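# Next comes the sequence, and after it the predicted model I'd like to discuss.
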Amino acid sequence: MKINRRQLALPVLALGLGVGLMSVVPAFAGADEDAIAKNVEAFRAAQAAGDAEGIAPLCAEELSYSHSSGSVDDKAALLAGVKNAKYKWTSLEYKNPTIRVVGPAAIVRFNFVGEQEFTDGKKTPQNLHVLMNWQKQGSDWKLLSRSATKL
């Protein structure tokens, strides 16, 4: 059986186009994942510092923020709670984060581990599972919702 150049060229061309498209698509997903990871870390750092002004630009106006106690805050209530907190974080880590981009949304999960120290000196450990949903608004990723469950 003889194989000519045309018979070889079509599969090679198809493979090349397929590989080329596959390398472009993950690049966009990777860029979004990187931007979300950066925002998640910025949120954690601002939360740990009790910095409401650092948290504000990361949140969507429509924010729904559920605490492990079951209480739910909108953006204004969350920022007021951070600003007027009667505790400080002595440690706060987001362990084993996963990010899954789904179109203009992202699902972020992690283990929230930290310790709060209240003004009366009482220390309270926190060990939660957190689910965050981020939404792409324009060119920015904003926290749309958050839910926490005690572990």
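Received the coordinates, thanks. Numbering: from 1, shown residues only.
# Next, Ser68: secondary structure please.
Assigned with DSSP: H, G, I helix; E, B strand; the rest coil, Ser68 falls in the coil class.
# Pass me the low-pLDDT residue ranges in this protein, would you?
1-29 (pLDDT under 70).
# Tell me which stretches of it form helices.
Using DSSP state H, the helices of the chain run over residues 5-49, 52-55, 75-83.
# The closest residue to Glu53 other than its chain neighbours and Ala52: what is the separation?
Setting aside the residues directly before and after it, Glu53 is nearest to Ala46 in space (C-beta to C-beta, 6 or more residues apart in numbering), at 7.9 Å. Where you see a C-beta, it was placed from the backbone N, CA and C, and this is true even at glycine. Applying C-beta to C-beta, to the nearest Å, the value for Ala46 to Ala52 is 8 Å.
# now Leu144
Using C-beta to C-beta, Leu144 is found at 18 Å from Ala52.
# These two: which is more packed in?
Higher neighbour count among Leu144 and Ala52: Leu144, with 20 against 17, using other C-beta atoms under 10 Å.
# surely that one meets Val108?
No: checked against C-beta atoms under 8 Å, the pair Leu144 and Val108 is beyond contact range at 10.8 Å.
# what do these two both touch?
Counting by C-beta atoms under 8 Å, 6 or more residues apart in numbering, the shared contacts of Leu144 and Val108 are 133-134.
# now stretch 130-143: how far from the chain's centre is it?
Here the centre of stretch 130-143 is set off from its chain's centre by 7 Å, with C-alpha atoms, centre = their mean, to the nearest Å.
# Hmm, I typed the wrong one, I wanted stretch 86-106.
With C-alpha atoms, centre = their mean as the basis, stretch 86-106 stands 5 Å off its chain's centre.
# Of all the residues in it, which ones are buried?
Residues of stretch 86-106 classed as buried: 89, 92, 94, 97, 99, 101, 106 (neighbour count, 16 or more other C-beta atoms under 10 Å).
# and the second one, what does it touch?
Residues touching Leu92, when contacts are defined by C-beta under 8 Å, 6+ apart, comprise 44, 47-48, 112-115.
# Distance to Asp34 and neighbour count added to these, as JSON lines?
As requested, the contacts of Leu92 are arranged in JSON lines below (distance: C-beta to C-beta, whole Å; neighbours: other C-beta atoms under 10 Å):
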{"residue": "Arg44", "distance to Asp34": "16", "neighbour count": "19"}
{"residue": "Gln47", "distance to Asp34": "20", "neighbour count": "20"}
{"residue": "Ala48", "distance to Asp34": "21", "neighbour count": "17"}
{"residue": "Phe112", "distance to Asp34": "21", "neighbour count": "20"}
{"residue": "Val113", "distance to Asp34": "23", "neighbour count": "16"}
{"residue": "Gly114", "distance to Asp34": "24", "neighbour count": "18"}
{"residue": "Glu115", "distance to Asp34": "29", "neighbour count": "15"}
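# All set, thanks.
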